[in-house]
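*Asks:* sequence unknown, structure follows:
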């Protein structure tokens, strides 16, 4: 049987408004938009927010989905870090990022996605083992690793106007 513990909306909103949902987005700021969340179970402590089982957070047109999402909070209740694990998907109107794990660090506005990373922007596709993305600057770096691609980064890019 699935149990659901309802988190305090205001606390979750405070924790996530620091930028977790907008982690790979340099487009218009959505931090003042309502934050929605859902999971099979949720828990709140003085130092953490936890969503487990079909965990999902939405804000504006951005969506973060994973098997589990954990948020670390500082003494004032502000979010310092978000970790998503297990079938991680981050979706915006212009891109989709998929990986096995993602860690967003609020202080340096950087998200690192690892494990069979796939970045899709329109028809363009980029794959690798580790993606580091700065939310503020939009600068991204993808690295290869072991596995199917032999440690190489791979991609397919379509010039504008190509079908």
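*Replies:* Received, thanks. Fair warning: this is a prediction, and the values are worked out from it, not measured in the lab.

*Asks:* what stretches of this protein score poorly on pLDDT?
*Replies:* The model of the chain has pLDDT under 70 over residues 1-32, 146-150, 162-163.

*Asks:* can you rerun that using 50?
*Replies:* By pLDDT under 50, the low-scoring segments of the chain are 1-27.

*Asks:* tell me the strands in it, going along the chain?
*Replies:* 35-38, 41-44, 48-59, 62-73, 79-91, 96-105, 110-121, 124-134, 140-143, 154-156 (DSSP state E).

*Asks:* Now mean neighbour count too, for those strands, in a markdown table please.
*Replies:* Every C-beta, even on glycine, is put in place using the N, C-alpha and C of the backbone. What follows is the strands of the chain, written out as a markdown table (neighbours: other C-beta atoms under 10 Å):
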| stretch | mean neighbour count |
| --- | --- |
| strand 35-38 | 17 |
| strand 41-44 | 16 |
| strand 48-59 | 20 |
| strand 62-73 | 21 |
| strand 79-91 | 20 |
| strand 96-105 | 21 |
| strand 110-121 | 19 |
| strand 124-134 | 19 |
| strand 140-143 | 14 |
| strand 154-156 | 11 |
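
*Asks:* Endpoint to endpoint, stretch 101-110 covers what distance?
*Replies:* Its first and final residues considered, stretch 101-110 spans 14 Å by C-alpha to C-alpha, to the nearest Å.

*Asks:* my bad, should have said stretch 103-111
*Replies:* This stretch, stretch 103-111, spans 6 Å end to end (C-alpha to C-alpha).

*Asks:* Run the chain-centre distance for it.
*Replies:* Counting by C-alpha atoms, centre = their mean, to the nearest Å, stretch 103-111 is centred 10 Å from the centre of its parent chain.

*Asks:* What of stretch 133-143?
*Replies:* 13 Å.

*Asks:* try stretch 74-81
*Replies:* With C-alpha atoms, centre = their mean, you get 18 Å for stretch 74-81.

*Asks:* Kindly report the same for stretch 35-50.
*Replies:* Using C-alpha atoms, centre = their mean, the offset of stretch 35-50 from its chain centre is 15 Å.
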